[in-house]
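Chemist: here is the input, now give the coordinates:
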Amino acid sequence: MKWRDKLGLKREVQECLVERAAFSSTRLDDLRNQISQSKHLQSLPDLSIFASGSYGRLEAGRHSDIDLFFLCNKRPSEYAGLNISKIQMMSEIIDIARAMHFPEFSNDGEFLSVLFVPEILDNLGGRSDDYANHFTARLLLLLEGRPLTNAAAFQTATENIIESYFRDYPHHPEDFRPTFLTNDIIRFWKTLCLNYENRRNALGSNREVDSARRRKQQIKNYKLKFSRALTCFATIGILSTFDTSVEPKDVADLCELAPIDRLAQIADRRPKAKTAVKDAIALYSSFLRTTAKSPDELAAYFADEKNRTNAFKEAALFGDRMFDMLTRIDMNQRKVRYLVI
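Modeler: Below you'll find the model as predicted:
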């Protein structure tokens, strides 16, 4: 927040960001309170639940769904009656979300599963990293994770995951570059783009495909160009501003910031990037206002060709400003160079 205040943002831009953060925080506090009363969570004492997506970024609106991840710091073999405990807990979480009038969990609850940090660390970069959902959970925890339960367990998981990216730090404490981490963030962005193209290809060129499905994919593309680009490249940008070695604690501190505040902090660290950052945030607030509509209203908005064209023009401008921001970061340390080669 303090970094945004220095940018001289227009009043409506700042108000939009403040209102979204306040709404998100209030809803997360209510959800946190409801989940804390769950009796089935007690059977998994090392489990933490965190929110990602618009709530994790502190920019949710009335129609935003809630994306939850469940992490255990122990291995599955260390729990007795694990499967029954998971089923009971998930059932209770679904009931709580419905009672709070969140939209139904996506894909019929396909992603409601418990992941185990030791397995995530064992398979980091391996063949099972992606299909076991370890990759997505790991990156979302770092980039936009917001703990709902067991903050201590969440912190332990975060520290262990960050440490896995800093295995070479003890040998280069004076000039360590977080290349492993930035490579993984870039990989995450590229994977999201590829996944979108895969879903788009599935629709094919068949004009008889339900127009509602096409509209849904267009909206996903629009959100990808804004929210996911912000999450990934605001983090890469702020990591690139360190004049000295990046330490594990630096990353942990950045992870606690909302992505929009990481972006604003870049302007504070690198004044040459201020205009690009300010313009990007203004465009992002426009994106938030557009996506504040209900699913039906948003679909109708994108069904209009003029609206759709304007929306994607703004998305392209946002991408341009994010690129401008990266190019205006002081390159003396040549950290941005490792984004390419």
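
Chemist: what ranges do the helices span in the stretch 101-250 of the chain?
Modeler: Taking DSSP state H, counting those that start in this stretch as the criterion, the stretch 101-250 of the chain contains helices spanning 106-109, 117-122, 128-131, 134-144, 151-165, 179-203, 211-223, 229-239, 248-255.

Chemist: quick one: these as CSV, columns for mean pLDDT, mean neighbour count and distance to Lys278 too.
Modeler: From N, CA and C alone the C-beta is placed, and that goes for glycine too. Formatted as CSV, those follow (pLDDT from 0 to 100; neighbours: other Cβ atoms under 10 Å; distance: least, Cβ to Cβ, whole Å):
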stretch, mean pLDDT, mean neighbour count, distance to Lys278
helix 106-109, 76, 10, 33
helix 117-122, 93, 18, 37
helix 128-131, 80, 13, 36
helix 134-144, 95, 23, 22
helix 151-165, 96, 18, 30
helix 179-203, 85, 15, 23
helix 211-223, 89, 16, 22
helix 229-239, 96, 24, 14
helix 248-255, 95, 16, 20
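
Chemist: contact partners for Glu59?
Modeler: Under the criterion of Cβ atoms under 8 Å, 6 or more residues apart in numbering, the contact partners of Glu59 comprise 17, 20-21, 24, 227, 258, 260, 288.

Chemist: now, these that are in helices?
Modeler: Secondary structure from DSSP state H places 17, 20-21, 24, 260, 288 of the contacts of Glu59 in helices.

Chemist: indicate which one of the helices of the stretch 101-250 of the chain is closest to Arg270.
Modeler: Relative to Arg270, the nearest member of these by Cβ to Cβ is helix 229-239, separated by 8.6 Å.

Chemist: and the closest one, what does it pack onto?
Modeler: Packing partners of helix 229-239 (3 or more Cβ pairs under 8 Å, 6 or more residues apart in numbering; DSSP states H and E): helix 134-144, helix 179-203, helix 248-255, helix 259-269, helix 305-327.

Chemist: CSV please, covering these and showing distance to Phe111.
Modeler: Shown next, in CSV, are the helices and strands packed on helix 229-239 (distance: least, Cβ to Cβ, whole Å):
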stretch, distance to Phe111
helix 134-144, 9
helix 179-203, 13
helix 248-255, 21
helix 259-269, 21
helix 305-327, 25
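
Chemist: ok, which of the ones you listed comes nearest Ala212?
Modeler: For those, proximity to Ala212 was assessed by Cβ to Cβ; helix 179-203 is nearest, at 11.3 Å.

Chemist: quick one: that closest one to helix 248-255, angle?
Modeler: Interaxial angle of helix 179-203 relative to helix 248-255 (axes from the mean of the first three to the mean of the last three Cα atoms, to 10 degrees): 40 degrees.

Chemist: roughly how far is helix 179-203 from the heart of the chain?
Modeler: Mean C-alpha position of helix 179-203 versus that of the full chain (Cα atoms, centre = their mean, to the nearest Å) differs by 13 Å.

Chemist: stretch 54-71 now?
Modeler: For stretch 54-71, the gap between its own C-alpha mean and the chain's C-alpha mean amounts to 9 Å (Cα atoms, centre = their mean).

Chemist: what is the rounded mean pLDDT of that stretch?
Modeler: In this model, stretch 54-71 has a mean pLDDT of 96.

Chemist: now do the end-to-end distance for that stretch.
Modeler: Distance across stretch 54-71, first residue to last, is 19 Å (Cα to Cα, to the nearest Å).

Chemist: one more: stretch 214-233?
Modeler: End-to-end distance for stretch 214-233, by Cα to Cα: 27 Å.

Chemist: before we move on, the earlier item: out of the ones in helices among the contacts of Glu59, who has the most neighbours?
Modeler: Counting neighbours by other Cβ atoms under 10 Å, Ile260 comes out on top of the ones in helices among the contacts of Glu59 with 25 neighbours.

Chemist: is it correct that that residue is in contact with Ser24?
Modeler: No: in this structure Ile260 lies outside contact range of Ser24 using Cβ atoms under 8 Å: 11.5 Å.

Chemist: mutual contacts of these two, please.
Modeler: Taking Cβ under 8 Å, 6+ apart as the criterion, Ile260 and Ser24 both touch 57-59.

Chemist: how about CSV for the residues you listed, with distance to Leu7 added?
Modeler: Written out in CSV, the entries for those read as follows (distance: Cβ to Cβ, whole Å):
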residue, distance to Leu7
Arg57, 18
Leu58, 17
Glu59, 17
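
Chemist: right, and out of those, which lies closest to Thr327?
Modeler: Arg57 (24.3 Å).

Chemist: what sits against that closest one?
Modeler: 24, 144, 227, 230-231, 258-260.

Chemist: restrict stretch 265-277 to CA atoms and write it as PDB.
Modeler: Output of stretch 265-277 as PDB, limited to C-alpha atoms (Å, rounded to 0.1, in the frame of the first residue of the first chain):
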ATOM      1  CA  GLN A 265       7.600  -1.500  -5.000                       C
ATOM      2  CA  ILE A 266       9.500  -1.900  -8.300                       C
ATOM      3  CA  ALA A 267       8.900   1.800  -9.000                       C
ATOM      4  CA  ASP A 268      10.200   2.700  -5.600                       C
ATOM      5  CA  ARG A 269      13.400   0.700  -6.200                       C
ATOM      6  CA  ARG A 270      13.800   1.700  -9.800                       C
ATOM      7  CA  PRO A 271      12.400   5.300 -10.500                       C
ATOM      8  CA  LYS A 272      13.000   4.800 -14.200                       C
ATOM      9  CA  ALA A 273      10.200   2.200 -14.200                       C
ATOM     10  CA  LYS A 274       7.700   4.400 -12.500                       C
ATOM     11  CA  THR A 275       5.700   5.500 -15.500                       C
ATOM     12  CA  ALA A 276       5.400   1.900 -16.800                       C
ATOM     13  CA  VAL A 277       4.400   0.700 -13.400                       C
END
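
Chemist: thanks a lot, see you next time.
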